[in-house]
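Undergrad: quick one, structure for this:
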Amino acid sequence: MNESQFWNKVRAAFKKRRGALAWKVQDAYRSGLPDVDAIVNGHVVKLELKYANGWPPRGGALQTTLKATQRAHLLAWAEAGGHAFILLGVGKIYYVIDPTNLAFHGSKFYKDDMESTCEWYGDRLDTLVQWISEGCPFHFDITFE
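TA: Predicted structure coming up:
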């Protein structure tokens, strides 16, 4: 799956839920804007989509990275009081990452860091939409396999 196909999955999950909208952001003049603007029951979120087919077999970082301009836009939105996250798909597992938690390795994604940087984790995008509808509460009960 590529990032475009990943967006199609994300969009489908939002379309299934009443009171949810998500659209792809495209701006030829400003680089780094988050990929997705979404709203669920009045809760607005910006999402930067990243996708990889799987974690490197011997550890290390994913090939996909977050550009400095992407991180800057996410941080600016979050600092203004909004919800802004990276939605990282790795195979069939999805992670929502707070961009302020990427200080350890800059803009690279490591499997070992997911537990400390993740706000939401799951294998079903419809539960992500539910989480957004609840106002993106912090989840301290995430269990990783």
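Undergrad: please enumerate the strands of this structure.
TA: All strands of the chain, identified by DSSP state E, fall at 20-24, 36-40, 43-52, 83-90, 93-97, 118-122.
Undergrad: quick one: buried residues of the helix or strand bottoming out on mean pLDDT in the chain?
TA: Ranking every helix and strand in the chain by mean pLDDT, DSSP states H and E puts helix 114-117 at the bottom, with a mean of 73. For helix 114-117, a neighbour-count test (16 or more other CB atoms under 10 Å) marks 114, 117 as buried. C-betas here are computed from N, CA, C, even on glycine.
Undergrad: and stretch 30-41, how far from the chain's centre?
TA: On the basis of CA atoms, centre = their mean, to the nearest Å, stretch 30-41 sits 10 Å off its chain's mean C-alpha point.
Undergrad: and the end-to-end length of that stretch?
TA: Using CA to CA, to the nearest Å, one end of stretch 30-41 lies 28 Å from the other.
Undergrad: stretch 91-99 too?
TA: Taking CA to CA, the first and last residues of stretch 91-99 lie 21 Å apart.
Undergrad: likewise stretch 94-108?
TA: Span of stretch 94-108 from end to end, CA to CA: 16 Å.
Undergrad: same question for stretch 111-125.
TA: Chord length of stretch 111-125, first to last residue, is 19 Å (CA to CA).
Undergrad: ranges for the helices of the chain?
TA: 3-15, 68-79, 114-117, 125-133 (DSSP state H).
Undergrad: can I get those in JSON lines with distance to residue 93?
TA: Formatted as JSON lines, these follow (distance: least, CB to CB, whole Å):
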{"stretch": "helix 3-15", "distance to residue 93": "12"}
{"stretch": "helix 68-79", "distance to residue 93": "21"}
{"stretch": "helix 114-117", "distance to residue 93": "9"}
{"stretch": "helix 125-133", "distance to residue 93": "11"}
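Undergrad: of those, which approaches residue 89 most closely?
TA: Closest approach to residue 89 among the helices of the chain (CB to CB): helix 3-15, 5.2 Å.
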